[in-house]
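Colleague: this one's structure only:
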């Protein structure tokens, strides 16, 4: 399947959400559950069909012999689960288009869970009764038919991309609430690019895992870098998530992407289901920012947090306030300390954090100072604004490397300011393009001395330049001009193919140098180090006109609203005095 065909398929499937919005008796934030359940059902059906001949052949081969196994046992070995006939997608799709379809889907989900204990409680069941309203009982059938359009030859990777696409779109539709379970895929791909996870007998923790996107992207990265299936099987993921519905999304996501691991429903502040201290090779997370209701007494006795310190209010409480249980003023540094404490001696971490944490003062400064002087912080990256559905301001990526503390680089940190590097999705949202991820990632690789990766990327862009059309079209939007721009971006900034500081983009700062980390009060804000360069934001004249027209229209509307409010206030005052 080509990229264009996959995009068209995703867009067509997304039409199912529009169908739901038009007719289902569901709250706006509940569309995802039944649709993601049907994606899983279609995935299970196709994957089981792809293995069915192999399963039946092995069953027939050993039937009646000492090595005989049941169809179910062989199916679980071959594709990870057993699919009962009542859950075949054709059986569901061919059933009459009436209200009974919801019962059929529910029974299919129950049967899958009964036959596969690891899926127990994961699949949506009751919600489908709300998709057969009295005025439109065929609604569920219409949605089921949409997913029948997924080709029978779809691979696990394609299903994974479809699932991630829907998670992302649901997160955008839900706005702020959607961000609590989903981190934009391009941000995660960049984090993984920098982290560079290696396959094998490794353990990966996400203590705020949401829908499991960090695990999926890490697994996909290893697959794309030619890790063998046996090596990938050894890689184990461990997630913690406190929202029950989101736990189900994460478990389905892992199953759809053939990622091995566990998701535990728990509150990470008060529970440590994996005995995490010093246990993990990798930690990745996008935890909730600025949580301020964490019980101080409970976390102050937990070694996960005390290793680097627990944030605490330094001002004295009033008598009335002292009657209440003390809370941590801001939990950002609880997360930061937890990530560092969970790593083993060579472990690495990547986390999304609120910008303000980079310069936080008081007890948070003490924690940050300890982390910096211990030498485990290896890189800081400021992201563009509007990358997340839940926050419009720029966030910052923190990267840890426990092994760095034992090297000559212990007292230095790579700072990257990526605020000007993004691709517009719409007026309110941005993302990284694939090339922007690679270009930003190459900075880290060059810093680590990997000049070969730079040459390979440059060669890739030159080959794309050679094969690209002069003008864009529907089938090939990337022109020679586009690929030349990627080549220029690399060669203008790193003309010798080795790392160097670039004003406005990247800077290696040390602890003790003049204007270094100590002189900057242990700030981890990249903007303090890389400097500023004024560049064109690539907005075309036509885009500028459209933007200004929208602003002008908004201004006119606000003026009209203000006049209406002014008249209403005057009228109300007049009535008040007349009375």
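Modeller: Sure, I can see it. Predicted model only: the values in this text are computed from it and were never measured.
Colleague: Name the spans of the stretch 451-579 of the chain whose pLDDT lies under the cut-off.
Modeller: Applying pLDDT under 70 to the stretch 451-579 of the chain picks out residues 472-477, 533-550, 553, 576-579.
Colleague: which residue ranges form the helices in it?
Modeller: Secondary structure of the stretch 451-579 of the chain by DSSP state H, counting those that start in this stretch: the helices cover 451-467, 480-493, 527-530, 541-578.
Colleague: And the stretch 51-200 of the chain, by the same measure?
Modeller: Residue ranges of the helices in the stretch 51-200 of the chain, as given by DSSP H, counting those that start in this stretch, are 71-79, 89-94, 100-115, 139-148, 156-174, 185-195.
Colleague: Confidence-wise, which of these is weakest overall?
Modeller: Lowest mean pLDDT of those: helix 156-174, a mean of 72.
Colleague: what's that helix packed up against?
Modeller: Secondary structure elements in contact with helix 156-174, counted by 3 or more C-beta pairs under 8 Å, 6 or more residues apart in numbering; DSSP states H and E, are helix 3-23, helix 32-62, helix 213-224, helix 244-256. The way it works is simple: take the backbone N, C-alpha and C, and place the C-beta from them, glycine included.
Colleague: swap the cut-off to 10 Å and go again
Modeller: Using 3 or more C-beta pairs under 10 Å, 6 or more residues apart in numbering; DSSP states H and E as the contact test, the elements touching helix 156-174 are helix 3-23, helix 32-62, helix 185-195, helix 213-224, helix 244-256, strand 423-426.
Colleague: Direction included, what does the shortest one pair against?
Modeller: Just to be clear, that refers to strand 423-426. strand 429-431 (antiparallel) (DSSP bridges).
Colleague: which outside residues touch the partner strand?
Modeller: The list of residues contacting strand 429-431 from outside it, by C-beta atoms under 10 Å, 6 or more residues apart in numbering, reads 168, 172, 184-187, 189, 383-389, 392, 421-425, 437.
Colleague: Distance check, residue 554 against residue 430.
Modeller: Taking C-beta to C-beta, to the nearest Å as the measure, residue 554 falls 20 Å from residue 430.
Colleague: just residue 478 next, same as before
Modeller: On the measure of C-beta to C-beta, residue 478 and residue 430 end up 19 Å apart.
Colleague: again with residue 189
Modeller: Counting by C-beta to C-beta, the gap between residue 189 and residue 430 amounts to 14 Å.
Colleague: now swap in residue 42 and tell me
Modeller: As it turns out, when the distance is counted by C-beta to C-beta, residue 42 lies 31 Å from residue 430.
Colleague: quick one: which of the two has more around it?
Modeller: Neighbours were tallied for residue 42 and for residue 430 using other C-beta atoms under 10 Å; the higher tally belongs to residue 42 (23 against 19).
Colleague: Burial check on the nearest residue to the more buried one once chain neighbours are set aside, number of neighbours?
Modeller: In space, and not counting its chain neighbours, residue 42 is closest to residue 147: 4.7 Å by C-beta to C-beta, 6 or more residues apart in numbering. A count of neighbours around residue 147, defined by other C-beta under 10 Å, yields 19.
Colleague: Report the buried members of the contacts of strand 429-431.
Modeller: 168, 172, 184-187, 189, 383-384, 386-389, 421-422, 437 (16 or more other C-beta atoms under 10 Å).
Colleague: out of those residues, which one sits closest to residue 22?
Modeller: Each of these was scored against residue 22 by C-beta to C-beta, and residue 172 proved nearest at 18.7 Å.
Colleague: neighbouring strands for the top strand by length along the chain, and are they parallel or not?
Modeller: If you go by DSSP state E, the chain has its longest strand at strand 343-354. Sheet pairing here is set by DSSP bridges, and for strand 343-354 it gives strand 280-285 (parallel), strand 395-401 (antiparallel).
Colleague: what about the ones you listed, which gets the closest to residue 211?
Modeller: Each of these has some distance to residue 211 by C-beta to C-beta; the shortest is strand 280-285, at 12.7 Å.
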